[in-house]
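No letters, just coordinates:
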């Protein structure tokens, strides 16, 4: 898949896939099982055009004027498998975050939004910009988080993963709340996201340990 390097090359109007407690982050991969007719239509149309789809959370607070969050992430279909029953299994690779400008009136069954990427130009930077991140601390927190939540994984894969991809993948896969996921998505940069991720994980670890201690007592 081609590496996008300029937000000017990204589509101004995109199909939107609202998913609760689910975010897509740049360079990370999101697997999706598509079975609803409107989203099957959306994927079919995307495959005929540019393969782009926007992932966004429904509004976390009900006080907002629109029923989705303002910030989401553009993804590009990188894997596409059609099942015998007509459903799809796809993988989206995160490209760049966006701000919603407005919803577009259309004649299809899915929603489309006009979006802007200007605030997130750094998402397209290819160079490694994680020199200031304490990778050892990050790995220790991930290990502790997995242990207290009784989660297993191939640790060699984690240690071999680039720091920015590791941060984004862990942020996406961890069972944080919708509000916490949105905070991770809207982090200023990868360093800020790492700080938020470590803080949330440490809170979760402490909470789980307290529960285990109370149970033993």
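That came through fine. All of these numbers come straight from a predicted model, not from anything done at the bench. Numbering: from 1, shown residues only.

Past the top strand by length along the chain, which element shows up next along the chain?
Counting residues, the longest strand in the chain under DSSP state E turns out to be strand 88-104. Proceeding N to C from strand 88-104, the next assigned helix or strand is strand 111-116, under DSSP states H and E.

now what about that next one, what contacts it?
Residues from elsewhere that reach strand 111-116 (CB atoms under 8 Å, 6 or more residues apart in numbering): 12-16, 18, 54, 72, 74, 98-104, 106. Heads up, the C-betas are built off the backbone N, CA and C, glycines and all.

How much space separates the residue nearest to the spatial centre of the chain from residue 208?
Central residue of the chain (CA atoms, centre = their mean): residue 24, 1.6 Å from the mean position. Per CB to CB, to the nearest Å, residue 24 is found 27 Å from residue 208.

How is the residue nearest to residue 109 when sequence neighbours are not counted assigned, secondary-structure-wise?
Distance criterion CB to CB, 6 or more residues apart in numbering; nearest residue to residue 109, sequence neighbours excluded, is residue 38 at 3.9 Å. Recorded secondary structure, residue 38: helix (DSSP: H, G, I helix; E, B strand; the rest coil).

Quickly note the distance from residue 38 to residue 108.
In terms of CB to CB, residue 38 sits 8 Å off from residue 108.

cool, residue 77 as well?
For residue 77, the distance to residue 108 - CB to CB - is 17 Å.

neighbour-wise, which of those two wins?
More crowded of residue 77 and residue 108, by other CB atoms under 10 Å: residue 77, with 19 against 11.

Please identify the helix or strand for that one.
Counting by DSSP H and E, residue 77 is part of strand 71-82.

could you say what helices and strands that strand packs with?
helix 37-48, strand 52-56, strand 88-104, helix 178-185 (3 or more CB pairs under 8 Å, 6 or more residues apart in numbering; DSSP states H and E).

which one of those is the most hemmed in?
strand 52-56 (a mean of 24; mean count of other CB atoms under 10 Å).

Against which helices or strands is it packed?
strand 13-18, helix 37-48, strand 71-82, strand 88-104.

contact partners of that strand?
Contacting residues not belonging to strand 52-56 are listed as 10-11, 14-19, 22-24, 30, 42-43, 46, 68-69, 71-77, 92, 95, 98, 100, 113, 115 [CB under 8 Å, 6+ apart].

mind checking the longest helix of this structure?
If each helix of the chain is counted by residues according to DSSP state H, the longest one is helix 190-216.

Can you point out the buried residues in that helix?
190-191, 193-194, 196-198, 200-201, 204-205, 208 (16 or more other CB atoms under 10 Å).

Tabulate the residues you listed (CSV), appending pLDDT and distance to residue 128.
CSV is the format used below for the buried residues of helix 190-216 (pLDDT from 0 to 100; distance: CB to CB, whole Å):
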residue, pLDDT, distance to residue 128
190, 92, 10
191, 94, 12
193, 96, 15
194, 96, 13
196, 96, 20
197, 96, 18
198, 95, 19
200, 94, 24
201, 93, 22
204, 87, 28
205, 91, 28
208, 72, 32
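
now those residues in JSON lines, with distance to residue 176?
Compiled in JSON lines, the buried residues of helix 190-216 are given as follows (distance: CB to CB, whole Å):
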{"residue": "190", "distance to residue 176": "17"}
{"residue": "191", "distance to residue 176": "19"}
{"residue": "193", "distance to residue 176": "12"}
{"residue": "194", "distance to residue 176": "14"}
{"residue": "196", "distance to residue 176": "10"}
{"residue": "197", "distance to residue 176": "9"}
{"residue": "198", "distance to residue 176": "13"}
{"residue": "200", "distance to residue 176": "6"}
{"residue": "201", "distance to residue 176": "9"}
{"residue": "204", "distance to residue 176": "8"}
{"residue": "205", "distance to residue 176": "13"}
{"residue": "208", "distance to residue 176": "13"}
